[in-house]
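> got a sequence here, can you build the structure:
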Amino acid sequence: MTLPELADRAIVLRARAADWREAVRIAGDALVDSGCTTSEYTDAMIRMVEDHGPYIVIAPGLALAHARPGGAVRCDGLSVVTLAGPVDFGHAHHDPVRVVIGLAGVAPDAHLAAVAALANAFNDSAAISAVADAPTREAVRAILERSERS
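Sure, this is the predicted structure:
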């Protein structure tokens with residue numbers, strides 16, 4: 001499984017977020033801007049953390065924001081947000097977060113496959129730092145493609 005296409009509008013570099021909600025909203029807005037979701041999906045991503053806690057912080061410095069597939073998802077999509085300053089999500093071991101990935105899947109099986117592909121892409125913790133420090137959108141794409149292949 002490969003990751004969904006990463007449009008320019010889906011990559012936000014050095015965003016400023018006051019808290020985790022704002023960081024997730026930026027990732028959700030990037031999914032909306034790239035045409036993959038509606039704003040209702042962004043709201044659902046925030047509710048997932050409010051309801052279930054910071055389980056989306058899957059590795060030191062990395063959050064994977066997502067919600068269930070449904071009518072607010074127009075197509076499989078991915079967004080990448082790097083933060084100008086790290087944000088606490090309330091995770092006991094992996095805070096603070098520097099990179100927020102937004103993930104939207106049309107169907108449950110595609111959603112799970114994309115999660116698996118992201119896990120492979122970020123299996124090397126150096127990939128998280130490399131994405132966090134990436135100077136351009138092209139650099140973000142290159143890091144993810146290289147990490148996904150290895």
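
> so residue 54 makes contact with residue 93?
No - using C-beta atoms under 8 Å, residue 54 makes no contact with residue 93, being 10.1 Å away. To be clear about C-beta, it is placed using only N, CA and C from the backbone, and glycine gets the same treatment.

> which one of these two has more residues nearby?
residue 54 (17 against 7; other C-beta atoms under 10 Å).

> what's that one in contact with, if anything?
Listed by C-beta atoms under 8 Å, 6 or more residues apart in numbering, the contact partners of residue 54 are 20, 63, 89, 90, 91, 95.

> give me phi/psi at it?
Its backbone dihedrals place residue 54 at phi -80, psi 40, with angles given as degrees, to the nearest 10.

> same check on residue 59?
Per degrees, to the nearest 10, the backbone of residue 59 is at phi -160, psi 160.

> picking up where we left off before, are any of the contacts of residue 54 buried, and which?
By neighbour count, with 16 or more other C-beta atoms under 10 Å, the contacts of residue 54 hold 20, 63, 89, 91, 95 as buried.

> among those, which are in helices?
Of the positions in those, residue 20 sit in helices, assigned by DSSP state H.

> including pLDDT and distance to residue 46, could the buried ones among the contacts of residue 54 go into CSV?
Shown next, in CSV, are the buried ones among the contacts of residue 54 (pLDDT from 0 to 100; distance: C-beta to C-beta, whole Å):
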residue, pLDDT, distance to residue 46
20, 98, 9
63, 96, 12
89, 97, 12
91, 96, 16
95, 97, 17
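
> quick check: residue 81 is in a helix.
No - judged by DSSP: H, G, I helix; E, B strand; the rest coil, residue 81 forms no part of a helix; its state is strand.

> look at the residue nearest in space to the middle of the chain and give its secondary structure.
The residue lying closest to the centre of the chain (C-alpha atoms, centre = their mean) is residue 101, at 0.8 Å. Assigned by three-state DSSP, the conformation of residue 101 is strand.
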